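Asker: sequence plus the predicted model coming up.
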Amino acid sequence: LRIEYDMLRGNQSNFNSENLNYRIQNAELKKLISVLKLESTKHKNAWKRETEKSEVVEKELGTLREQLVQMEKTDVEQNEELRRENAVLKQQVFDWEQKNTKLEHDFLSVKKQFAISQKNESLIPGLKAEIETLQEQVAELTENLRDVLEQQQTFLATKTDEDTESVASMNS
């Protein structure tokens, strides 16, 4: 009985020792589970925060994409408007160049006319003198013509008188 008792005690002691080991292991496992739960919660919270950040970033990215698309549309519209304005400006430049060419041509024409006018103005005093000389010559010729006409009329009158006398003497 004693042996059995000693054995039972030994078993109980072993059992208590194993039980203690299990309890220690169980406590350690509970601590480990608690730590793992905390870490898991931390990771879940971190994952949740990162997911929320990711969602915010996705929303911002979506907004930025929409803004980019809108900006591209605006850029296309602005580029088209600038192309139209550029075409209008090119036409205006072309028109101004044409007008400038015409004005240069007109200026050269006026410049030539001015040069001719200046040349003519320089000729005016000589032409005036020539006109005066010609007027004097015309006056002289007119005077000479009058004299010649008077002489002719006198001659004709004399001749007519002589012819009349000669006809009268012939008739008589």
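Answerer: Structure's in. What do you need?
Asker: residue 105: neighbouring residues, count only.
Answerer: By other Cβ atoms under 10 Å, the residues close to residue 105 number 10. For the C-beta atoms, the positions are set from N, CA and C on the backbone; glycine is no exception.
Asker: host element of it?
Answerer: In this structure, residue 105 sits in helix 2-171 according to DSSP states H and E.
Asker: from the chain's centre, how far out does that helix sit?
Answerer: Remark: helix 2-171 is offset 0 Å from the chain centroid, using Cα atoms, centre = their mean, to the nearest Å.
Asker: which elements pack onto that helix?
Answerer: Contacts defined by 3 or more Cβ pairs under 8 Å, 6 or more residues apart in numbering; DSSP states H and E place helix 2-171 against no helix or strand at all.
Asker: ok, residue 155 - contacts?
Answerer: Listed by Cβ atoms under 8 Å, 6 or more residues apart in numbering, the contact set of residue 155 is empty.
Asker: can you pull the pLDDT of it?
Answerer: At residue 155, the pLDDT value in this model is 80.
Asker: pLDDT below threshold where in this structure?
Answerer: Under the criterion pLDDT under 70, the flagged ranges of the chain are 1-2, 5, 8-16, 163-164, 166-172.
Asker: centroid residue for it?
Answerer: Nearest to the mean C-alpha position of the chain, by Cα atoms, centre = their mean, lies residue 86 at 4.4 Å.
Asker: report the separation between that residue and residue 73.
Answerer: 20 Å (Cβ to Cβ, to the nearest Å).
Asker: dump the residue contacts of residue 72.
Answerer: For residue 72, the contact set (Cβ under 8 Å, 6+ apart) is empty.
Asker: if I look at it, how far off is residue 79?
Answerer: On the measure of Cβ to Cβ, residue 72 and residue 79 end up 10 Å apart.
Asker: next: residue 143.
Answerer: 91 Å.
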